[in-house]
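Got a predicted structure plus its sequence, pasted below:
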Amino acid sequence: MGVYIIAQLRFKDIEKYRTYQNAFPVIFHEFAGAALVADEAPEIVEGEWPFNKVVILYFSAEEEAKRFQSSPEYNEIAKNRKAGADATVIIVKGADINPH
């Protein structure tokens, strides 16, 4: 089933965010995950959405997602993300939907 880290970001210092963004792939590569979505122009089809970007990361296990999120390497570069954007970040479990 897997788990997902979903982040919704509102930029406040784009240069600091871009510094984080440039460092992210090197750190993320060390974990068993996949970046599925990183969209700075999502189409809003219903309701209000006061953010600039949405990110969805996939991990095969919750432990790996938490290992990534709490790693010293990620937290070091995340200082620029936190300085560059306000964020809501959640971990959600994948759905086991069987239509039959």
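In hand now; what should we look at?

Ala38 sits in which helix or strand?
Using DSSP states H and E, Ala38 falls within strand 33-39.

Just give me the longest helix of this protein.
Looking across the chain with DSSP state H, the single longest helix is helix 14-28.

avg pLDDT for that one?
The pLDDT scores in helix 14-28 average 97.

That one: how far from the chain's middle?
Here helix 14-28 is found 12 Å from its chain centre; the criterion is C-alpha atoms, centre = their mean, to the nearest Å.

now what about it, what contacts it?
9, 11, 35, 57, 68, 71, 73-74, 77-81, 83-85 (C-beta atoms under 8 Å, 6 or more residues apart in numbering). In this view, the C-beta of every residue, glycine as well, is placed from N, C-alpha and C.

Spit out the contact partners of the closest residue in space to Asn52 that isn't next to it in sequence.
Nearest residue to Asn52 in three dimensions, chain neighbours excluded: Phe11, at 4.9 Å (C-beta to C-beta, 6 or more residues apart in numbering). Neighbouring residues of Phe11 by C-beta under 8 Å, 6+ apart: 17, 52-53, 84-85.

so where do the helices sit in this structure?
14-28, 62-70, 72-84.

Only the buried residues of the longest one, if you could.
So that's helix 14-28. Neighbour-count burial for helix 14-28 flags 16-17, 19-21, 23-24, 27-28 (criterion: 16 or more other C-beta atoms under 10 Å).
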